[in-house]
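# sequence first, then the predicted structure, then my questions.
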Amino acid sequence: MATALVGLDEELREIVFRNMSKRAVAFIKEDIRERENAAPATVGAARAFFQRLLDKHEAEYEGGGPSPRDPEPPVPDFGSEEGIISGFCALADFIKRKGPLSLESLTEKLDDPLMRKGLIMLVEGWDPLLIRTILERYKESYLRSMSTKMDLIIEGIDALAAKDGPLVAEQKLRSLVAKL
C-alpha cells in the first residue's frame, strides 16, 4: 500500500488515511518516506493492484462506508447497568453499519480506561481473543489494587481505633504493601 501511495498528492493520500487508524497512518507514512525512490514500474504495479481491489469491492463500499457526514458513534452511559447494555447494543449496530474503524473518534471521548484500551485494540484490528486476554489482565490488576487500597483503609481505621502511635500505624500499613 505504501508503494501505491508514493508520489500521490496529499489530498488523495488523506482520502485513504481517513479510513485507517491513527497509528496505522503513522506507520504507513513512515513506509511511504522509505519508498519515495521506488521504481516507477513498481509504483504503477502497486497502484494497479489496489485499483483492482477497489473495482472488485466498489458495490460493497457504495453507500455503506463511512463518510465525513456520518454521525459520531454513540457514547455508552456507564452510570448504570442498563446504560452499559444499551450503549453496547448501539455500538454493535453502529459497527455493523460503519465498521470498527468508525469508533476511533470515540476512543478520545471515553473516560473509562478499560473501555478506551479495548476500543483502541478493536480499531487497530487486534485478534478478539488477545483483546479479551489483555483486558482481563487489566481487570485483575485493577481489582488487586482496589483490594489493597481497601485493606489499607480498613487497617488504618483499625490502627486509629486501637490508638496506635504513628510508627506502629505506619508499620501495620506498610506491611500490606511491602516489597521484600
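Received it, and whenever you're ready, just let me know what you need.

# ok, Lys172 to Arg23 distance?
Using CB to CB, to the nearest Å, Lys172 is found at 46 Å from Arg23. In short, each C-beta sits where N, CA and C put it, glycine included.

# ok, these two, which is more surrounded?
The neighbour comparison of Lys172 against Arg23 (other CB atoms under 10 Å) goes to Lys172, with 16 against 12.

# what's the more buried one in contact with, if anything?
Glu155, Asp158, Ala159, Asp164 (CB atoms under 8 Å, 6 or more residues apart in numbering).

# return the member of those residues nearest to Met146.
Within the contacts of Lys172, the smallest distance to Met146 is 14.9 Å, found for Glu155 (CB to CB).

# check the offset of the lengthiest helix in the chain from the chain's centre.
Counting by DSSP state H, the longest helix found in the chain is helix 128-161. On the basis of CA atoms, centre = their mean, to the nearest Å, helix 128-161 sits 23 Å off its chain's mean C-alpha point.

# in that helix, what counts as buried?
In terms of neighbour count (16 or more other CB atoms under 10 Å), helix 128-161 has its buried residues at Ile131, Gly156, Ala159.

# identify the residues contacting the first one.
The neighbours of Ile131, taking CB under 8 Å, 6+ apart as the test, are Gly118, Met121, Leu122.

# so what's the last one closest to, chain neighbours aside?
In space, not counting the residues next to it along the chain, Leu122 is nearest to Pro100; the distance is 5.4 Å by CB to CB, 6 or more residues apart in numbering.

# any idea how far that neighbour lies from Met121?
10 Å.

# who has more neighbours out of these two?
Neighbour totals were compared for Pro100 and Met121, and Met121 leads with 18 against 15 (other CB under 10 Å).
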